[in-house]
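A.B. asks: sequence and predicted structure are below.
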Amino acid sequence: MFGTHYRIERKSIALAVTIMIVASIGGLIEIAPLFTIDDTVESDPSMRVYTPLELAGRNIYMREGCYACHSQMVRTLQDEVERYGPYSLAVESKYDHPMLWGSKRTGPDLARLGGKYSDQWHTAHLKNPRDVVPQSIMPRYKWLSESQLQTKHLGDDLRALRAVGVPYTDAMIENASDDAVAQASPDDDTAGLTKRYGDATQIRSFDGDKATVSEMDALVAYLQILGKLSDAAHQPPPPKE
Amino acid sequence: MVSGLTVSERQWSMAILVIVAFVGLAMAAAGANRADPMQAHGFIVLLFSLAVFCFVLRDYYQPEPAAARLASYYDDPSKAGIVVAMLWAVFGMFIGDWVAWLLAFPDLTFDAAWSSFGRLRPAHTTGVIFGFGGNALIATSFHVMQRTSRARLPDQFSPWFVLVGYNLFCLLAISGYFLGITQSKEYAEPEWYADIWLVIVWVVYLVLYLRTLARRKEPHIYVANWYYLAFILVVAILHVVNNLAVPASFAGAKSYSLFSGVQDAMTQWWYGHNAVAFFLTAGFLGMLYYYLPKRAGRPIYSYRMSIIGFWGITFFYMWAGSHHLHYTALPQWVQTLGMTFSVMLLVPSWIAAANALLTLNGAWDKVRDDATLRFMMMAAVFYGLSTFEGSFMAIRSVNALSHYTDWTIGHVHAGAMGWVALITFGSIYAVVPWLWKRERMYSPVLVEVHFWLALAGTLIYVFAMWNSGIIQGLMWRTYNDSGTLTYSFLDTMVAMHPYYVARAIGGLLFLLGAIVGCYNIWMTIRRPSELPAASGDIPLPVNLQPAE
Ligand code: HEM
Ligand code: HEM
């Protein structure tokens, strides 16, 4: 063994190739099967996709680095299930490019957040968490309600997501900008939006200001949908064969 | 520096800079058209390349360097890289300490988007890992590969391309977070165009490394070079696979990663853990294996241990990423594999650490007297400690407690401050007098001061985080007699406060140490050179004893 090495370490290309081969094995064996083994991701035919407004909110969540303090992954441990709700399933983040499971819980897990608080609570909390929770160490996000949401190019975002596997239809892509505005404008015509994304779509002014669609609208719309794209986690697991 | 380049190398540099400037202009125009933050990045690229262009132009008409330059090593890029690394160190650690104070006093910041916690934190991690660590790796790798090959760099242009191009990447990454441009993947936050740029830089780096090795006059490739080579090669693989993404538009910054959900999580932590392995470990082991024996004046303890350590690390690490995903929606078989390999990983890790420490046998009096060598010795100790801790935390039942808590942060910084930063400081203190041909550092006392500040800072930081992490983990799972959870999340958050203050103080000491180091290095450089080149520190003539 050391003899072979004595020869390899005299040839730079042989050394480089050996390093590449030795280093590739682990990743290939662990990652490739995740794409091919069927029960890696549970199936849920009724799983819905993010609306353009929710997607924009998700992008703001990433931009502001909320993931650095909040996880979105309830582990299969009893105390977590009791604290946050049913443990997370793989299917729930099937359309998450990229996933936001997180690795640090400076703040609580948000995987089951949707519906837990009112929109007003979220808006006030995001503007200044210490107005609502005096001890909180979460940052203030004042500028979100002051900045108008950029909706013009959301169709491009949907198209890119379709390219990586999210089932957005042509109609969804075409109407992305309008749908984003409509979801936060309950007085407008929202029939097209509900037709495309389903009756359960939450349509209201999330930040309480009907005049404009702000980044706050988008972020709160996203927070309110967390854990609600799929019901799979709330159902008893199917019996294994 | 420019005057050391030949005229054709100067022309090459200017041509490339003009091309990059045009790319910047195009990005700015495209971004402006969509009101996309890519616009700002376009201007940064443009200004950066114009500034470097002016720098080259200023000395363009200087006479060409004499042919005698080929008889000595080419160290200008290493010198520049070390200075830049120290600047990034101060920047990254300053942001780190700011972030640390924010967790204790959340309003200690401006009311502006760029200065909020979520944008500062990646600026810290990128600043220290890629800015400080990356530049130190590039600078020392140039130094080490020339010495261990007894060969001069094959040309003078590509090392500058690597160094300057790499810093442009760092600049784009960090300014991006402030502007709100991020993929949100930890340690891989920069967006698609910055990623593509890094690939170009990295390919040039690899080719440069292989070309230098091909010119070597030593038949064997020294072990430090195996590690540097593994660092370059494997980081390339990781970077490309984990950053596969589809941009929403080529005129905008946003992209969507190719993988989603559980596959994305596994790919991300395969990347994340091996960024630790091949960026924060392999490259720095390369440093350790050259500068420690050099400084101690003793050969590496065991050739066989070097071999076992190296291949064990290269093979086992790549399996271990799934220990970041215990008890999640990742299939259990992958978690089990990750745990098993993480535990086995302790063996090569400790072999590598022991090999370094045993090298010091017979030189312990030097460790006592020489703070530079003590930096390296302490780094090897922390390397052993953090790998032991890591293997322990990778056990599923332990991870159930540690995951999501500050225990992880404590482990990270035992590795990052105790191992990565200490070995870097030690190597820099060793290499600066060699590079600038000084007898020693300006002030050995200040090296001593830096050592104790760094050690105290690390210990305070790590102990604070062990305490807060384990306390919080236990509080989350405490039940009272009636079978319900005892503590609300808020209770557990409030309990962290004293530890967060302690950590911020420890970090401040560490930062002060780095500033002392900068001053010491600066004063060393400023003093006039008094030594001729050390005897033997020259490449062998080209046609002597061919390598293979
Ligand atoms: C002055 C010294 C330093 C201070 C005060 C400091 C502070 C911090 C703080 C406050 C965090 C965020 C923790 C959290 O979110 O709870 C952090 C994260 C991090 N730091 Fe540092 N740091 C320092 C030095 C370093 C160095 C030298 C490195 C690497 C070479 C480093 C690498 C990291 C990494 C990788 C993370 C992310 C950890 C994770 O996500 O689990 N730090 N640091
Ligand atoms: C035998 C070697 C090692 C093993 C088995 C190991 C294992 C682990 C484990 C189990 C975690 C926690 C994952 C989680 O619960 O989220 C972790 C996190 C981490 N370790 Fe290590 N570790 C090792 C060495 C190191 C070294 C030498 C460093 C050097 C800097 C390091 C840096 C990190 C970082 C940065 C993280 C945080 C990742 C994140 O969550 O953002 N590790 N490691």
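C.D. replies: Received the coordinates, thanks. Ligands and ions are numbered 1, 2, ... in the order given.
A.B. asks: contacts and neighbour counts: CA atoms only from here.
C.D. replies: OK.
A.B. asks: next to chain A in this structure, residues from the stretch 351-500 of chain B, please.
C.D. replies: Neighbours of chain A within the stretch 351-500 of chain B, by Cα under 8 Å from any Cα of the partner chain: B:400, B:403-406, B:476-477, B:485, B:489-490, B:493-494.
A.B. asks: what would those look like in CSV with distance to ligand 1 and neighbour count?
C.D. replies: Listed next are those as CSV, based on distance: Cα to the nearest ligand atom, whole Å; neighbours: other Cα atoms under 10 Å in any protein chain shown:
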residue, distance to ligand 1, neighbour count
B:400, 15, 17
B:403, 9, 24
B:404, 8, 25
B:405, 8, 22
B:406, 6, 27
B:476, 16, 20
B:477, 20, 19
B:485, 24, 17
B:489, 15, 16
B:490, 16, 14
B:493, 11, 19
B:494, 14, 14
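A.B. asks: switch those over to TSV; also include distance to residue B:257.
C.D. replies: Below are these laid out as TSV (distance: Cα to Cα, whole Å):
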residue	distance to residue B:257
B:400	28
B:403	25
B:404	24
B:405	27
B:406	28
B:476	33
B:477	35
B:485	38
B:489	32
B:490	34
B:493	33
B:494	36
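A.B. asks: tell me the one among the residues you listed nearest to residue A:194.
C.D. replies: Proximity of those to residue A:194 was ranked by Cα to Cα; the top entry is residue B:489 with 36.7 Å.
A.B. asks: model confidence for residue A:172, exactly?
C.D. replies: According to the prediction, residue A:172 has pLDDT 97.
A.B. asks: list the contacts of it.
C.D. replies: The contact partners of residue A:172, taken as Cα atoms under 8 Å, 6 or more residues apart in numbering or on different chains, are A:155, A:158, A:196.
A.B. asks: try residue B:76
C.D. replies: When the contact criterion is Cα under 8 Å, 6+ apart, the partners of residue B:76 are residue B:1.
A.B. asks: rerun that using 10 Å as the cut-off
C.D. replies: With Cα atoms under 10 Å, 6 or more residues apart in numbering or on different chains as the criterion, the residues that contact residue B:76 are B:1-2, B:4, B:139, B:142-143, B:156, B:159-160, B:435-436.
A.B. asks: among these, name the buried ones.
C.D. replies: For those, a neighbour count by 16 or more other Cα atoms under 10 Å in any protein chain shown gives the buried set as B:2, B:4, B:139, B:142-143, B:156, B:159-160, B:435-436.
A.B. asks: okay, the residue nearest in space to the middle of chain B and chain A: tell me how far apart.
C.D. replies: Centroid check for chain B by Cα atoms, centre = their mean gives residue B:133 as the closest residue, at 2.5 Å. Distance check for residue B:133 against chain A: by Cα to the nearest Cα, to the nearest Å, it reads 22 Å.
A.B. asks: that residue reaches residue B:283, doesn't it?
C.D. replies: Yes. Checked against Cα atoms under 10 Å, the pair residue B:133 and residue B:283 is within contact range at 9.2 Å.
A.B. asks: any shared contact partners between these two?
C.D. replies: When contacts are counted by Cα under 10 Å, 6+ apart, residue B:133 and residue B:283 are jointly contacted by residue B:420.
A.B. asks: any regions of the stretch 101-250 of chain B where pLDDT drops low?
C.D. replies: For the stretch 101-250 of chain B, no stretch has pLDDT under 70.
A.B. asks: which one of the residues in it is closest to ligand 2?
C.D. replies: When scored by Cα to the nearest ligand atom, the stretch 101-250 of chain B has residue B:186 as its residue closest to ligand 2, at 6.3 Å.
A.B. asks: which residues does residue A:85 contact?
C.D. replies: Residue A:85 sits next to A:74-75, A:78-79, A:109, A:111-113, A:227, A:233-234 when contact means Cα under 10 Å, 6+ apart.
A.B. asks: tell me, how many residues neighbour the closest residue to residue B:232 other than its chain neighbours?
C.D. replies: Across the structure, with Cα to Cα, 6 or more residues apart in numbering or on different chains as the measure, the residue nearest residue B:232 apart from its sequence neighbours is residue B:206 (6.4 Å). Neighbours of residue B:206 under the rule other Cα atoms under 10 Å in any protein chain shown: 18.
A.B. asks: do the one 4 residues further on as well
C.D. replies: Here the number of neighbours of residue B:210 (other Cα under 10 Å) works out to 18.
A.B. asks: ditto for residue A:59
C.D. replies: When neighbours are counted by other Cα under 10 Å, residue A:59 registers 21.
A.B. asks: go on, the one 3 residues further on?
C.D. replies: Residue neighbour count, defined by other Cα under 10 Å, stands at 22 for residue A:62.
A.B. asks: tell me the phi and psi of it?
C.D. replies: Listed backbone geometry of residue A:62 is phi -70, psi -40, with angles given as degrees, to the nearest 10.
A.B. asks: that one and residue B:72, how far apart?
C.D. replies: Summarising the geometry, the distance separating residue A:62 from residue B:72, computed by Cα to Cα, to the nearest Å, is 50 Å.
A.B. asks: ok, now residue B:514?
C.D. replies: Here the criterion is Cα to Cα. By it, residue B:514 lies 31 Å from residue B:72.
A.B. asks: more neighbours, those two?
C.D. replies: When neighbours are counted by other Cα under 10 Å, residue B:514 and residue B:72 differ, and residue B:514 comes out ahead with 24 against 17.
A.B. asks: could I get the average pLDDT for the helix or strand containing the more buried one?
C.D. replies: Secondary-structure element containing residue B:514, defined by DSSP states H and E: helix B:497-526. Along helix B:497-526, the predicted local confidence has a mean pLDDT of 98.
A.B. asks: how about that helix: buried residues?
C.D. replies: Under the neighbour-count criterion of 16+ other Cα under 10 Å, helix B:497-526 has B:497, B:499-518, B:520-521, B:524-525 buried.
A.B. asks: what does the stretch 351-500 of chain B put close to ligand 2?
C.D. replies: Residues of the stretch 351-500 of chain B lying close to ligand 2 by Cα under 6 Å from any ligand atom are B:383, B:386-387, B:390-391, B:393-394, B:399, B:403, B:408, B:412, B:415-416.
A.B. asks: okay if I get those as CSV plus pLDDT?
C.D. replies: Formatted as CSV, these follow (pLDDT from 0 to 100):
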residue, pLDDT
B:383, 98
B:386, 97
B:387, 97
B:390, 97
B:391, 98
B:393, 98
B:394, 98
B:399, 98
B:403, 98
B:408, 98
B:412, 98
B:415, 97
B:416, 97
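A.B. asks: tell me which residue is most central in chain A.
C.D. replies: Note on chain A: the residue nearest the mean C-alpha position is residue A:96, at 4.9 Å, using Cα atoms, centre = their mean.
A.B. asks: which other helices and strands contact the helix holding residue B:514?
C.D. replies: Packed against helix B:497-526, as judged by 3 or more Cα pairs under 10 Å, 6 or more residues apart in numbering or on different chains; DSSP states H and E, are the following elements: helix B:76-104, helix B:406-413, helix B:422-435, helix B:444-476.
A.B. asks: on that earlier part again, got a quick PyMOL command for the buried subset of the contacts of residue A:85?
C.D. replies: Selection of buried members from those for PyMOL, criterion 16+ other Cα under 10 Å:
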select buried, chain A and resi 74+75+79+109+111+112+113+227+233
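A.B. asks: and the contacts of residue A:85, which is closest to residue B:357?
C.D. replies: Of all the contacts of residue A:85, the one with the least separation from residue B:357 (Cα to Cα) is residue A:75, at 40.1 Å.
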